[in-house]
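Chemist: Quick one, fold the following:
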Amino acid sequence: MARTVIVTDSTASLPPEVAAERGIVVVPLQVVVGAEVHDEGADGATPELVAEALREFRPVSTSRPAPAVMLEVYEQAAADGAEAIVSVHLSGDMSGTFESAQLAARDASVPVITVDSRQVGIATGFAVLAAADVLDAGGTPEEAAEAARERSSRTTSLFYVDTLEYLRRGGRIGAAAALLGGALAVKPLLTITEGRVATLEKVRTTGRALTRLEELAVAAAGEDLVDVGVAHLAADARAGELADRLSERLADNLDGREVQCGEVGAVLGAHVGPGMLAVCVSSRPRDPRG
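Modeler: Residues are numbered from 1 along each chain as shown. Below you'll find the model as predicted:
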């Protein structure tokens, strides 16, 4: 069977050791702090770097990989023996990364199937791993791509931000801005709907927001077997407490797996700001091929 390689971007929040073990190629997005450009990653743009810059009111922006960069990645994979590529990325409505992948795929020397996960962060990572599971089970590139799409459709992303200001600056807030207007003191609970940030609820206190985040995550799991991830930016204590509570409440749903908990990547952190807390609840496929 033809060897298929999975490509994704750094916003998928895959631990480097997991990507290496599964043979997944990760393309970094970039973070621009002032006049300095950094690739997202441990040796470049880190969550700590972004959080500090935002607190100091330094200008922070992000940049997608150019189509030429994506094409170089695809060609290197082909040179290393790939006969097909499945390229899975964050929502095309929130970043031009997927568009870059599409453009590069047209010129690649091997077939490339591009997948818009319609998600961000850990949720995209779960889609990537679903595709990898299908390939490991002997599935085709087309089956792997469909598994990624299907896993994304069964994933709920919930997040809390201390303020909407960072999302407003980055133009990512969409309908939430119209709903909440200038009420930046409101503590919003947000979700990803049809590939975009949307307002789920608004509450008045941080404590109430975090309680609702937990309740909504438990409701999203229902009776399914799920994978759960908690992510944060400069909110380690809150994230750890939430992960512990979800581990207890969703013990049956997790079926022995742990709630993943870690800091969000630098690119996403630049748009949500310090204090952000997110939960991703993803229903597992019934079959290895999704």
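Chemist: I'd say Arg151 and Ser282 touch.
Modeler: Yes - the pair Arg151 and Ser282 passes the contact test of Cβ atoms under 8 Å, sitting 6.5 Å apart. Every C-beta, even on glycine, is put in place using the N, C-alpha and C of the backbone.
Chemist: Can you pull the residues that touch both of these two?
Modeler: Residues touching both Arg151 and Ser282 (Cβ atoms under 8 Å, 6 or more residues apart in numbering): Phe126.
Chemist: Counting neighbours, what do you get for Pro59?
Modeler: A total of 11 residues lie near Pro59 under the criterion other Cβ atoms under 10 Å.
Chemist: now Glu75
Modeler: When neighbours are defined as other Cβ under 10 Å, Glu75 has 16 of them.
Chemist: ok, now which ones touch it?
Modeler: If a contact means Cβ under 8 Å, 6+ apart, then Glu75 has Ala108, Ser109 as its contacts.
Chemist: and the gap between Ala79 and Glu72?
Modeler: Counting by Cβ to Cβ, to the nearest Å, the separation of Ala79 from Glu72 is 10 Å.
Chemist: ok, these two, which is more surrounded?
Modeler: Neighbours per residue (other Cβ under 10 Å) separate Ala79 from Glu72, with Glu72 holding more: 14 against 10.
Chemist: Same question for that one, what's its three-state structure.
Modeler: State at Glu72, reduced to three classes by DSSP: H, G, I helix; E, B strand; the rest coil: helix.
Chemist: ditto for the one 5 residues further on
Modeler: The three-state label for Ala77, taken from three-state DSSP, comes out as helix.
Chemist: mind pulling up the phi and psi values for the closest residue to it other than its chain neighbours?
Modeler: Beyond its immediate neighbours in the sequence, the residue positioned closest to Ala77 (Cβ to Cβ, 6 or more residues apart in numbering) is Val5, lying 4.6 Å away. Backbone geometry at Val5, expressed as degrees, to the nearest 10, gives phi -110, psi 140.
Chemist: Write down the beta-bridge partners of Val5, one by one.
Modeler: Counting by DSSP bridges, Val5 is bridged to Ile85.
Chemist: go on, Thr62?
Modeler: With DSSP bridges as the rule, Thr62 is bridged to Val31.
Chemist: for Asp227, same thing?
Modeler: Beta-bridge partners for Asp227, by DSSP bridges, are Ser282.
Chemist: Who are the contact partners of it?
Modeler: Phe126, Leu254, Arg257, Gln260, Val281, Ser282, Arg284 are the contacts of Asp227 under Cβ under 8 Å, 6+ apart.
Chemist: repeat for Ala235
Modeler: Pro274, Gly275, Met276, Leu277.
Chemist: Narrow those to those in strands?
Modeler: If you go by DSSP state E, those have Leu277 in strands.
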